[in-house]
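Student: Okay, here's the prediction I keep looking at, along with the sequence it came from:
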Amino acid sequence: MKNKKSSSIAILAIFIALMIVIQVISQLVYSVWPFPIVPTLLHIPVIIGSITLGAKRGAILGLVMGLISVINSTILTLPSSFMFSPLQPIPGTNHGSLWALIVAIVPRILVGVFPAYIYKLSKNRFGIGLAAFIGTATNTILVLSFIFLFFHGVTNQTFGVFLTSIITGNSIAEVFIAIVLTVAIVPTLFKTVGTHK
């Protein structure tokens, strides 16, 4: 029992390290990326971890993803940084908003929770793909919904623009990449390390 717990913690640590590496590499690559579509990749380890490690550990990975988003938005000042970091001032003011923590963290925790339960409904490749789709959609829809809810006065975003922003090239690319990688990786993980739920 103790060995299983230690092994589970080690695997969780590997997932977290992988997320940090993906974040650093994607920042470097996207700084010279010539294409208009810039898909988020950080949610993929969270989804894979949720399916293979369970909802509790998936939630931890989702929390890490959210904290990475807060740290990244605090360090790098971009037009959208104030939506993800309370330390970035809202345009036209000299203060940030604590709602940014909700935007950055809550959807990401749920990205680590939902796939585990979706996979339990159908423990096969279809279930894995569906879990990847739901996890990615959770990230996209909840982040954009919270931005609309908390910051639409700042962004001047109408409901029509909000709905359009949910279905973009980025969103489609993120769903496709997440499904392909998750379906390819999860069965291999189950064979090599088993389940640690």
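Tutor: That came in fine, so what should we check first?
Student: mind listing what's buried in stretch 123-143?
Tutor: For stretch 123-143, a neighbour-count test (16 or more other Cβ atoms under 10 Å) marks 127-140, 142-143 as buried. In short, each C-beta sits where N, CA and C put it, glycine included.
Student: Can you say which two of those residues are spatially most distant?
Tutor: Farthest apart among the buried residues of stretch 123-143 by Cβ to Cβ are Gly127 and Val143. That separation is 24.4 Å.
Student: where does this protein have low pLDDT?
Tutor: By pLDDT under 70, the low-scoring segments of the chain are 1-6, 35-37, 193-197.
Student: so where do the helices sit in this structure?
Tutor: Using DSSP state H, the helices of the chain run over residues 2-30, 43-53, 55-75, 99-111, 114-121, 125-155, 159-166, 169-193.
Student: residue nearest the centroid of the chain?
Tutor: When Cα atoms, centre = their mean is applied to the chain, the residue found nearest the centroid is His43 (3.2 Å).
Student: Quick check: chain neighbours aside, which residue is closest to that residue?
Tutor: Leaving aside its sequence neighbours, His43 sits nearest to Asn139 (Cβ to Cβ, 6 or more residues apart in numbering; 4.9 Å).
Student: Next up, the contacts around that neighbour.
Tutor: Thr40, His43, Pro107, Arg108, Val111, Glu174 (Cβ atoms under 8 Å, 6 or more residues apart in numbering).
Student: Thank you, goodbye.
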